[in-house]
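In: Got a predicted structure plus its sequence, pasted below:
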Amino acid sequence: MNITIVGTGYVGLVTGTTLAEIGNSVYCVDIDEKKVEAMKNGVVPIYEPGLEEMFLRNIQAERIFFTTDLKEALEKSEVIFLALPTPPGEDGSADLSYVLKVANDIGDLMTEYKVIVNKSTVPVGTADKVRDTIAAKTDIPFDVVSNPEFLREGFAVEDCMNPSRVIIGSTSEKARNIMAKLYQPFTNIGVPIINMDERSSELTKYAANSFLAVKITFMNEIANFCEKVGADVDLVRLGMGSDDRIGHRFLFPGIGYGGSCFPKDVKALLNSGKQEGYDFQLLDATENINKTQKVILVPELEKYFGGNLQGKKIAVWGLAFKANTDDIREASSLDNIKLLLEKGAQVVAYDTIAEENVRKILGDKITYAKDMYSALEGADALLIATEWPEFKNPNFSLMAQKMINKAIFDGRNMFPLELPEQNNFFYKSIGRKLVT
Ligand code: UGA
């Protein structure tokens, strides 16, 4: 099939590349000329395991193309995916101006039947708005489909190639059939295709992400309580997760959830609730708890240093909001660093993948280390903010040689509890140790 993807951000680029991989011709449209030129020359604008290889393979095979010209792409394609940003406004509501602007342009430019697919996470009712916007411009028939994306950063290619389910939100038989044909290479291996109306599909996306945010937050609260009562959250987690109604995944406590999705989607759903006169108390609490949880180790650091962090040199391992991504949006590392700086500490950070993005925000307010051990040179304490695999099995004696104080504050529960202690480190993790 011939497909257009409008917007070559995270979702657009990965969706486009994987749809090309399964044999479609994909036209990727973006307004950023420089980015389009770079992509034509084989430059992948984001870091995502496995993407570059697939991207280059499909350029080579002439299955993926890049252009700034929406008209040219539209003429060639029957299915048009919208993978545009929907950033939160000040009140948390999703800003639909990019989506509706492109809908308007499609209305102006289309000359025959098209299926317009909303891939972006958009509030309930957006498909109707896109439909109205296009219909105001043309009499040519078209359908609008909601087809939310469930890919995780760091596993985006894998998630797109092996989806857990494909949700098609459309009441049009014709559009459903076209979408079913497009996704057939995935669904014929047993992946369910779930048909529903547009509104239910739009809400499914918010409900799924918000539920996962609630699940993590619930576990963070249990972890905090474990510390109060002398229980071990790892055992509680195992005991709970073994009930398959609960499941083991997304029960890992830590210094809060971040990223471009959970915080934004919880806010947006809360906001949609307000607009409809519904008070999502659970989501309100989740958002507030997560804010506190992100910096829950800072008071522990203060306590360790007798209430004063002035002049203390704190090494921070990990800046990305989670491992396997360079994304620092809503990353817990940033909240911690900002608070540590406010309290007069110096920060040396290590994260080769995400460093460049942090430099754009924090510049030389902190220093950046080339490797995980040099970050510890003369450090008073180490704070672990991201669960990069390379931190899992460190050389504790080398760490001890470098650090002034042997103290680890681990926001991602990286080590078995006894390991740092066997190496004579003070070790504070989340929910696994009695507060004395
Ligand atoms: C999330 C969802 O998992 C995807 O299904 C969804 O498609 C995506 O949002 C989206 O809407 O685009 P992502 O933001 O890439 O994916 O990251 P996750 O792996 O879900 O992690 C989110 C945050 O939760 C991270 O900060 C992570 O550290 C934290 N987390 C995750 C925990 O604190 N504990 C856990 O047990 C799991």
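Out: Nice, I can see it.
In: shaky segments in the stretch 301-436 of the chain?
Out: 433-436 (pLDDT under 70).
In: what does it have sitting close to the ligand?
Out: F321, K322 (Cβ under 6 Å from any ligand atom). Quick note: C-beta positions are derived from backbone N, CA and C, even for glycine.
In: Let me see the ranges of the strands in the chain.
Out: 2-6, 25-29, 64-67, 79-82, 114-118, 142-146, 166-169, 193-196, 313-317, 346-350, 367-368, 381-384, 407-410, 426-428 (DSSP state E).
In: got the buried residues for the last one?
Out: For strand 426-428, the buried set under the neighbour-count rule, 16 or more other Cβ atoms under 10 Å, comprises Y427, K428.
In: pLDDT on the top helix by length along the chain, on average?
Out: The longest helix of the chain (DSSP state H) is helix 198-229. Rounded to a whole number, the mean pLDDT of helix 198-229 is 97.
In: Show me what counts as buried in that helix.
Out: In helix 198-229, the ones that count as buried by 16+ other Cβ under 10 Å are 198-199, 201-206, 208-210, 212-224, 226-227.
In: any idea of the angle that helix forms with strand 114-118?
Out: 20 degrees (axes from the mean of the first three to the mean of the last three Cα atoms, to 10 degrees).
In: Can you pull the domain assignment for the chain?
Out: Domain segmentation of the chain under automatic domain parsing yields 2-196, 205-292, 295-428.
In: Report the distance from the longest one to the chain centre.
Out: Translated: domain 2-196. 18 Å (Cα atoms, centre = their mean, to the nearest Å).
In: related to what we said a few turns ago, show me what the longest helix of the chain is packed up against.
Out: In terms of contacts (3 or more Cβ pairs under 8 Å, 6 or more residues apart in numbering; DSSP states H and E), helix 198-229 is packed against helix 126-135, strand 142-146, strand 166-169, helix 233-241, helix 262-275, helix 281-294.
In: which residues sit in contact with the residue of the stretch 1-150 of the chain found nearest the ligand?
Out: Of all residues in the stretch 1-150 of the chain, F150 sits closest to the ligand, at 4.2 Å by Cβ to the nearest ligand atom. Residues in contact with F150 (Cβ atoms under 8 Å, 6 or more residues apart in numbering) are D159, P163, S164, R165, K205, A208.
In: now do 10 Å
Out: D159, C160, P163, S164, R165, V166, I167, T204, K205, A208, N209, C261 (Cβ atoms under 10 Å, 6 or more residues apart in numbering).
In: Out of the residues you listed, which are close to the ligand?
Out: N209, C261.
In: Among the contacts of F150, which pair sits farthest apart?
Out: With distances taken as Cβ to Cβ, the most widely separated pair in the contacts of F150 is V166 and C261, at 18.5 Å.
In: of the two, who's got more company?
Out: C261 (24 against 20; other Cβ atoms under 10 Å).
In: Ramachandran coordinates for the residue in the stretch 301-436 of the chain that the ligand sits nearest to?
Out: Nearest residue of the stretch 301-436 of the chain to the ligand, counting by Cβ to the nearest ligand atom: K322, 3.9 Å away. Note on K322: its backbone torsions stand at phi -160, psi 170 [degrees, to the nearest 10].
In: try S429
Out: Per degrees, to the nearest 10, the backbone of S429 is at phi -120, psi -160.
In: show me what contacts it?
Out: 223, 227, 233-234, 253-254, 297, 384, 408-417, 420.
In: Kindly report the same for R359.
Out: So R359 contacts L319, A349, K365, I366, Y368 (Cβ under 10 Å, 6+ apart).
In: now L341
Out: Contacts of L341 by Cβ under 10 Å, 6+ apart are L309, I314, V347, L362, K365, I366.
In: With L339 instead?
Out: Applying Cβ under 10 Å, 6+ apart to L339 gives the contacts K294, V295, L297, V298, P299, L301, E302, L309, A345.
In: With I404 instead?
Out: I404 is in contact with K312, K313, L376, E377, G378, A379, D380, A381, counting by Cβ under 10 Å, 6+ apart.
In: and these as TSV, adding neighbour count?
Out: Converted to TSV, the contacts of I404 look like this (neighbours: other Cβ atoms under 10 Å):
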residue	neighbour count
K312	21
K313	19
L376	24
E377	14
G378	11
A379	24
D380	19
A381	27
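In: Need those in TSV (columns: distance to S272).
Out: Formatted as TSV, those follow (distance: Cβ to Cβ, whole Å):
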residue	distance to S272
K312	43
K313	45
L376	45
E377	49
G378	49
A379	45
D380	45
A381	42
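In: mean pLDDT lowest for which of the helices and strands packed on helix 198-229?
Out: It's helix 262-275: among the helices and strands packed on helix 198-229, that one has the lowest mean pLDDT, namely a mean of 93.
In: those helices in the stretch 1-150 of the chain, which residues are they?
Out: 10-21, 33-40, 51-60, 70-76, 97-109, 126-135 (DSSP state H, counting those that start in this stretch).
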